[in-house]
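# have a look at this fold, sequence not included:
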């Protein structure tokens, strides 16, 4: 049975793992900022199921620990969050384009820092669903499994 420490480990790895794997599959590069952002949000999101439905009794798994909620994440939350992630990456690319036009070092640094911020924000948007999903997949492997809807 997955405990808090195991959920934290899985959560911390799921966001960066998914970020790196999906970028690789698309032939894209990712930034350290995006990986760090995804680690933070996936770690936090991996705790959400037990915050929403605390493990204070053996039958605590209900709506937020269900296969139905997992489907909701996949088909509703994921596309919305992925759009926000792409928006942040587009803003980062625009900042880097602006940086390339600058002559003064302090202006270049300003645009590099803005780009890094948007890359970090992209990671925050992109790590939540993998983190939450990691919790549910770990719980699904236990003898109690996950209910269909709660």
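That came in fine, so what should we check first? Keep in mind that this is a model prediction, so the values were computed, not measured.

# residues contacting the nearest residue to residue 84 once chain neighbours are set aside?
Spatially, and ignoring its direct neighbours in sequence, residue 84 is nearest to residue 125 (4.3 Å; CB to CB, 6 or more residues apart in numbering). The C-beta positions use only the backbone N, C-alpha and C, and glycine is treated the same way. Contact analysis of residue 125 by CB atoms under 8 Å, 6 or more residues apart in numbering lists 37, 41, 81-82, 84-85, 88.

# and the furthest pair within those?
37 and 82 (14.1 Å; CB to CB).

# who has more neighbours, those two?
Between residue 37 and residue 82, counted using other CB atoms under 10 Å, residue 37 has the larger neighbour count: 27 against 14.

# hang on, that one packs against residue 127?
Yes. Proximity of residue 37 to residue 127 meets the contact threshold set by CB atoms under 8 Å, at 6.6 Å.

# in TSV: the contacts of residue 125, plus secondary structure.
Rendered in TSV, the data for the contacts of residue 125 read as follows (DSSP: H, G, I helix; E, B strand; the rest coil):
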residue	secondary structure
37	helix
41	helix
81	helix
82	helix
84	helix
85	helix
88	helix
